[in-house]
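A.B. asks: next input, structure requested:
(2 chains)
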Amino acid sequence: MAYVLQQLLSKSTSRFPEKPAVWARNRSINFRELDERSNQLAHLLQQSGVRKGDRVGLFFPKCVESIISMFAVVKAGGVYVPLDPQAPVDRVGYIIGNCGIKVLITQDERRRSLDAATRESLEKCIVVDEAKHSGNGTGVVPWSALSEYPASHAPVVTLTETDLAYILYTSGSTGRPKGVMISHQNALTFIEWCADKFQITNEDRLSNHAPLHFDLSVFDVYNAIEAGATVYLVTEEIALFPTTLAKFIETQQISVWYSVPSALVLLLLHADLKADKLSQLRTILFAGEVFPMKYLKQLAELLPAVDLENLYGPTETNVCTYYKVDRERLASMDKLPIGIACENTEVFAVNDKDEIVTQLGESGELYVRGPGVTCGYWGDVEKTKKMVVPNRFQPNFEEKMYRTGDLVTLAEDGNYYFVGRRDSMIKSRGYRIELGEIESALLSHPAVREAAAIAVPDEVVGNRIKAIVAVHASEKAHAAELQQHCGTRIPKYMIPEFIEFRDSLPKTSTGKVDRVGLAQESQPLAV
Amino acid sequence: MTTNATTVKDQIRQFVSEELAAAKGVTLVSDDQSLIDNGVVDSLGIFRLVTFLEENFGVKIGDEEISADNLASVDMIEQLVLRKGKK
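C.D. replies: Have a look, this model is predicted:
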């Protein structure tokens, strides 16, 4: 059994050396090439100063080199940090500083876009597109340098399953993103569960729709490699266009698909999906947000032979519960369960009296324990202590459990159902968004006195974001100017689509901004 | 319907710039700038754009025409509208 991620690759390479492992942008590499290139890059990373536990940033749009880089970093004993290639420079710079990235794998153009202080903090940049730019100066290493390093073996490093494999940054309520630390054991707990549950074989063709900084991609990449299957990376120029995406699924004969529900809803609404053209498709997994029942029923009807599986779990747990859609029950269902705990994971709800919910129909906050649970947030002891807490329901030895912040109900059918959040985190297109982070971005504009970010429910993408802003008496501001300002601090999917200006914001009796009242008066946004 | 090429492009540029790019905190610098690579359009933005083109220029854009080949830049969108307008 594998205890570090790179063993998945070495095992499949010995079984299927010449089989395609990764396809992206009309290019593919086989298992042997993936193994050899990642060995070479691992040596180069070590040569560049990467030691066990060091963080290495990956900052370029997804392509074959992304997967090579992920394996190379862990082979070098490092921890990879996938960075959103579309994120504002300020946010990327913050993450690089926050987790102390000294070596960055990137494109030359993106390297140049970083602010001077961030660039100076980096010791080495390995550029994947050096062909266009030669002579890049000190600290810049071209991808072609890989050929100088041994391909036949990885560097020798001693790792155990509790060493970190990667860090995924998600929205933080205090205005800055937080880095969820995932160990090899955390990741493998999920990957091995998926391999068994969904019976992935070397005949399968997996899609990778999610960005690599989003935890859904962990299944796509590692379960394909684990099984000796092929992963097909869906890039933006395919993902954005439903007809192109449907054609991609058909042409690449995708057999296992995993995405947020909104991607599937857009396919349903705009791609004229036909079951006979998707005959290879056997399993659809979805996660990240609630699937609107109306569209799930349409999808089930359209693809009668495809297994539909709802996976649930915050990044901190990978996935902790699942529900296989019961087609016979579906017609009469008005809400989809998040299901039951994955094997090797325990979940339970804790009520307001701090007791574990045992009564059917009772609600509580969902807690998760098991080897899939993160050890916490990079460099943030306070936040870690708040969310990854000692298991007080088990006094015999020390162990941790994760508080999801999600309120759930244990229903009579034995499944858990998602009810809502304890805080102001929302989901849009499956992305976690802390409304507080948007408000911080707005408030950092000199003209803004008060700001509230509101989630407006949307049938297709879950939520769309609106902001209500009051400016200082002597100041003026336009929506476009504030959106532009937000664009320098937060990712595009977090920028409010609409900004309404008021003289002041309504307050609750305790003097806080009345977010609940503002949300209630917000109408659905026009397309 | 307007058939003047300059006007068509101006209207497209104005919509993309004010309705799509601004809301993503992006400033358009040229008409051949990719709207896809830098996230000017997202999955909902694409359909707002198509609705705008249909309503403003009286053209009908089929689902299969909503692709990167036709909508990746202001220049390409203009070409699509002019092509459709002639039919």
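
A.B. asks: A:Asp90 is in contact with A:Pro491, isn't it?
C.D. replies: No. Judged on C-beta atoms under 8 Å, A:Asp90 makes no contact with A:Pro491 at a distance of 10.9 Å. The C-beta positions use only the backbone N, C-alpha and C, and glycine is treated the same way.

A.B. asks: surely B:Val50 and B:Gly62 touch.
C.D. replies: No. Counting by C-beta under 8 Å, B:Val50 sits too far from B:Gly62 to count as a contact (9.8 Å).

A.B. asks: who has more neighbours, the two?
C.D. replies: Applying other C-beta atoms under 10 Å in any protein chain shown to B:Val50 and B:Gly62 shows that B:Val50 carries more neighbours, namely 21 against 10.

A.B. asks: which strand or helix spans A:Asn187?
C.D. replies: Wrong residue type there; residue A:187 is Ala, not Asn. helix A:184-197 (DSSP states H and E).

A.B. asks: what residues does that helix touch?
C.D. replies: A:1-5, A:8, A:74, A:159-166, A:200, A:218-219, A:222-223, A:226-227, A:318-319, A:322, A:342-345, A:370-375 (C-beta atoms under 8 Å, 6 or more residues apart in numbering or on different chains).

A.B. asks: so how far is the helix or strand following it from its chain's centroid?
C.D. replies: Using DSSP H and E, the helix or strand that follows helix A:184-197 in sequence is strand A:205-208. Centre-to-centre, strand A:205-208 and its host chain are 16 Å apart (C-alpha atoms, centre = their mean, to the nearest Å).

A.B. asks: which elements pack onto strand A:205-208?
C.D. replies: strand A:230-233, strand A:256-259 (3 or more C-beta pairs under 8 Å, 6 or more residues apart in numbering or on different chains; DSSP states H and E).

A.B. asks: which one of these lies nearest to A:Leu308?
C.D. replies: Taking C-beta to C-beta, strand A:256-259 is the member of the helices and strands packed on strand A:205-208 nearest to A:Leu308, at 10.2 Å.

A.B. asks: ok, and does that closest one reach over to chain B?
C.D. replies: No. Using C-beta under 8 Å from any C-beta of the partner chain, strand A:256-259 stays clear of chain B, coming no nearer than 11.4 Å.

A.B. asks: now that strand: buried residues?
C.D. replies: A:256-259 (16 or more other C-beta atoms under 10 Å in any protein chain shown).

A.B. asks: again, but for stretch A:387-401
C.D. replies: Taking 16+ other C-beta under 10 Å as the criterion, stretch A:387-401 shows A:387-388, A:400-401 as buried.

A.B. asks: wait, A:Asn39 touches A:Ala76, no?
C.D. replies: No. The pair A:Asn39 / A:Ala76 is not scored as a contact, 9.8 Å apart, by C-beta under 8 Å.

A.B. asks: out of those two, which sits in the more crowded spot?
C.D. replies: Neighbours of A:Asn39 and A:Ala76, each counted by other C-beta under 10 Å, are more numerous for A:Ala76; the result is 29 against 26.

A.B. asks: what's the more buried one sitting at in phi/psi?
C.D. replies: Reported as degrees, to the nearest 10, the phi and psi values for A:Ala76 are phi -80, psi 0.

A.B. asks: related to what we said a few turns ago, show me which of the contacts of helix A:184-197 are buried.
C.D. replies: Buried among these by 16+ other C-beta under 10 Å: A:2, A:4-5, A:8, A:74, A:159, A:161, A:163-166, A:200, A:218-219, A:222-223, A:226-227, A:318-319, A:322, A:342, A:345, A:370, A:372-375.
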